[in-house]
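Participant: Below is the structure, and that's it, no one-letter string:
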């Protein structure tokens, strides 16, 4: 399972959404080799992160998984025998924790790699990261069709679709909201919102005398691709992309936030008694405080690159970050609980005062 399943999880989480069909679009031997390759990477990645965690925190984690115990497990199994009962009792918890960590990092690494490729548009910039679903590139802005350099971001795509329905040609128009593809990346269905149809009125001689545009009621209008004769796409773009520094700052901060969030969740597996945190519920409280802290630190840092940062977001995130930090220090018996309670009360007052003030300002602006 450790030789294949971590790689399976990585690939499953990497090929998601519009690219999920690519997960099975290769030969069985290729899928097996890729699973083994990514399983090896996941095991190395997990081992490295555990080593870094132990070096930074000084905690003794997975201490029972040493060379002697590993040899005591693997050697009997290679001879079709069961390991000694004492070795199993001493190592089963750490062993299951290690396997869970490998699976966890395999899945999160797949999600993270997909996010990096999509966010930094690596699949557009180079063919190495390009997905096989070529309809994604046609529908979402034509990134590969038009090579002109542009910082614009595709907001939505309007489609004019000519279909043959019952021997009659009908033109449909609307915003592409969704589409489906088959196992060979061919288009199966197109879904339009705000769909309209153009109907032609003919006289008794068969000539078109008038064209009527009619709205189609419903949330989404489905067009099977086997009825399509021709299509025309119009790309609608929004404002230009952020400045390069702001974009790099934002992406880097998001990556650090994801890594910090993942690390916070993993604290549940480790012995934190060295820091005065004992038991499941204290660990849960510690993890919750850590998530609140890193979330609000990220919110505060993101406000620094905005042209018009919100006072409520800056003050509330600052006070709540300090409050969460003080509660963590109280949990680890570094300080008493009074400072944490005071900052929590200040946070409630800040949110209440500025929230009401913003509401009044919005009401006045609406009246004007």
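Facilitator: Noted; the coordinates are in hand. As the structure is a prediction and not an experimental result, all values here were calculated from the model.

Participant: use CA for all of it now, contacts and neighbours both
Facilitator: OK.

Participant: Would you mind finding the longest helix in the protein?
Facilitator: In the chain, assigned by DSSP state H, the helix with the most residues is helix 85-119.

Participant: residues of the helix or strand following it that come out buried?
Facilitator: Following helix 85-119 in sequence order, the next helix or strand is helix 122-125 (DSSP states H and E). With burial defined by 16 or more other Cα atoms under 10 Å, the residues of helix 122-125 counted as buried are 123, 124.

Participant: and helix 122-125, what does it pack onto?
Facilitator: Packed against helix 122-125 by the contact rule (3 or more Cα pairs under 8 Å, 6 or more residues apart in numbering; DSSP states H and E) you find no helix or strand.

Participant: One more pass at 10 Å, please.
Facilitator: helix 85-119 (3 or more Cα pairs under 10 Å, 6 or more residues apart in numbering; DSSP states H and E).

Participant: Could you pull out the helices in the stretch 1-150 of the chain for me?
Facilitator: Along the stretch 1-150 of the chain, counting by DSSP state H, counting those that start in this stretch, helices occupy 5-14, 28-57, 67-78, 85-119, 122-125, 134-139.

Participant: if we look at the shortest one, which residues are touching it?
Facilitator: In this case it means helix 122-125. 114, 116, 117, 118, 128, 129, 130, 131, 137, 143, 144 (Cα atoms under 10 Å, 6 or more residues apart in numbering).

Participant: For these, which entry has the maximal number of neighbours?
Facilitator: residue 143 (20 neighbours; other Cα atoms under 10 Å).

Participant: gap between residue 330 and residue 297?
Facilitator: Residue 330 is 19 Å from residue 297, where distance means Cα to Cα, to the nearest Å.

Participant: looking at the helices of the stretch 1-150 of the chain, which is buried most?
Facilitator: helix 5-14 (a mean of 23; mean count of other Cα atoms under 10 Å).

Participant: re the thing from before, which other helices and strands does the longest helix of the chain contact?
Facilitator: So helix 85-119, by 3+ Cα pairs under 10 Å, 6+ apart, packs with helix 5-14, helix 28-57, helix 67-78, helix 122-125, helix 244-266.

Participant: of those helices, which approaches residue 159 most closely?
Facilitator: helix 122-125 (22.0 Å; Cα to Cα).

Participant: coming back round to it: tabulate the helices and strands packed on helix 85-119 (TSV), appending mean pLDDT and distance to residue 343.
Facilitator: Listed next are these as TSV, based on pLDDT from 0 to 100; distance: least, Cα to Cα, whole Å:
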stretch	mean pLDDT	distance to residue 343
helix 5-14	90	40
helix 28-57	84	27
helix 67-78	77	48
helix 122-125	80	44
helix 244-266	77	23
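
Participant: Those into JSON lines, with extra columns for distance to residue 348?
Facilitator: Shown next, in JSON lines, are these (distance: least, Cα to Cα, whole Å):
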{"stretch": "helix 5-14", "distance to residue 348": "39"}
{"stretch": "helix 28-57", "distance to residue 348": "33"}
{"stretch": "helix 67-78", "distance to residue 348": "53"}
{"stretch": "helix 122-125", "distance to residue 348": "43"}
{"stretch": "helix 244-266", "distance to residue 348": "25"}
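
Participant: Of those helices, give the one that comes closest to residue 237.
Facilitator: Once the helices and strands packed on helix 85-119 are compared by Cα to Cα, helix 122-125 is nearest, at 17.0 Å.

Participant: what about the stretch 151-300 of the chain, any weak spots by pLDDT?
Facilitator: 151-152, 200, 203, 205-206, 208-209, 239-244 (pLDDT under 70).

Participant: all helices for it, in order.
Facilitator: Using DSSP H, counting those that start in this stretch, helices in the stretch 151-300 of the chain cover 244-266, 280-303.

Participant: got these as JSON lines, with distance to residue 74 columns?
Facilitator: Below are the helices of the stretch 151-300 of the chain laid out as JSON lines (distance: least, Cα to Cα, whole Å):
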{"stretch": "helix 244-266", "distance to residue 74": "27"}
{"stretch": "helix 280-303", "distance to residue 74": "32"}
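
Participant: among the ones you listed, which is the most enclosed?
Facilitator: helix 280-303 (a mean of 18).

Participant: could you point out which element follows it?
Facilitator: helix 311-331.

Participant: re earlier: relative to helix 5-14, how tilted is the longest helix of the chain?
Facilitator: 30 degrees (axes from the mean of the first three to the mean of the last three Cα atoms, to 10 degrees).

Participant: From residue 23, how far off is the residue nearest to residue 314 when sequence neighbours are not counted?
Facilitator: Spatially, and ignoring its direct neighbours in sequence, residue 314 is nearest to residue 300 (5.5 Å; Cα to Cα, 6 or more residues apart in numbering). Per Cα to Cα, residue 300 is found 38 Å from residue 23.
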